[in-house]
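*Asks:* Okay, sequence plus prediction incoming.
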Amino acid sequence: MKDNTYKRLAKAEALEAQRRSETMEFFQERYEVACEEQNEEDAAMFARLIRNKLLEESDNELAFDRLGLVAPSGSTFTAWLSFLKKLGEVLTGAWAKYRQDLRDISEQPGFPFNITFPDKPDAEAED
């Protein structure tokens, strides 16, 4: 009985450690440590992990159903014009720029030790 309890406890601790290692806070802490130690390889890796997490979080902002994009039922150009305009705004709007800026993090002159992550766009400003 005791062995089973210890196994469950060890499994729970391992799952918690894995969950913790995938959080933004963990990535940021490790990035700061790597910068302090001037560990270029780790700093670059954690900067990219932070960037990837931010991109992942922003995926929801560009989901078609969230944007209110509904394909028109008509087959004429004028029926599709409003949809195409809105789609163009999405593809060139603040969220698209934010995501591109995230992808360009490694191109910043101070990478990986001195980088600036872009600010998320204001959701209300996009509406």
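*Replies:* Now that the structure is in, tell me what you want to look at. Residues are numbered from 1 along each chain as shown.
*Asks:* Hmm, L87 is touching L69, no?
*Replies:* Yes - with contact defined as Cβ atoms under 8 Å, L87 reaches L69; the gap is 6.4 Å. Every C-beta, even on glycine, is put in place using the N, C-alpha and C of the backbone.
*Asks:* so where do the helices sit in the chain?
*Replies:* 2-20, 24-36, 40-58, 64-67, 77-92, 94-103, 123-126 (DSSP state H).
*Asks:* tell me the mean pLDDT for the third one?
*Replies:* Mean per-residue pLDDT for helix 40-58: 94.
*Asks:* Then the first one?
*Replies:* The average pLDDT within helix 2-20 is 73.
*Asks:* And for the second one?
*Replies:* When the per-residue pLDDT values of helix 24-36 are averaged, the result is 94.
*Asks:* same deal with the last one?
*Replies:* For helix 123-126, mean pLDDT rounds to 51.
*Asks:* So D101 versus L55, what's the distance?
*Replies:* Per Cβ to Cβ, to the nearest Å, D101 is found 11 Å from L55.
*Asks:* These two: who's more crowded?
*Replies:* Taking other Cβ atoms under 10 Å, D101 and L55 do not tie; D101 has more neighbours (17 against 13).
*Asks:* Report pLDDT for the more buried one.
*Replies:* On pLDDT, D101 comes in at 96.
*Asks:* Verify the contact between it and T116 for me.
*Replies:* No - contact criterion Cβ under 8 Å: D101 and T116 do not qualify, at 9.3 Å.
*Asks:* any residues touching stretch 95-102, and which ones?
*Replies:* With Cβ atoms under 8 Å, 6 or more residues apart in numbering as the test, stretch 95-102 has contacts from 51, 54-55, 58, 61-62, 90, 117-121, 126.
*Asks:* From those residues, list just the buried residues.
*Replies:* Buried members of those, counted by 16 or more other Cβ atoms under 10 Å: 51, 54, 58, 61, 90, 121.
*Asks:* Pull the most distant pair out of these.
*Replies:* Within the buried ones among the contacts of stretch 95-102, two members stand farthest from each other by Cβ to Cβ: R51 and V90, at 21.0 Å.
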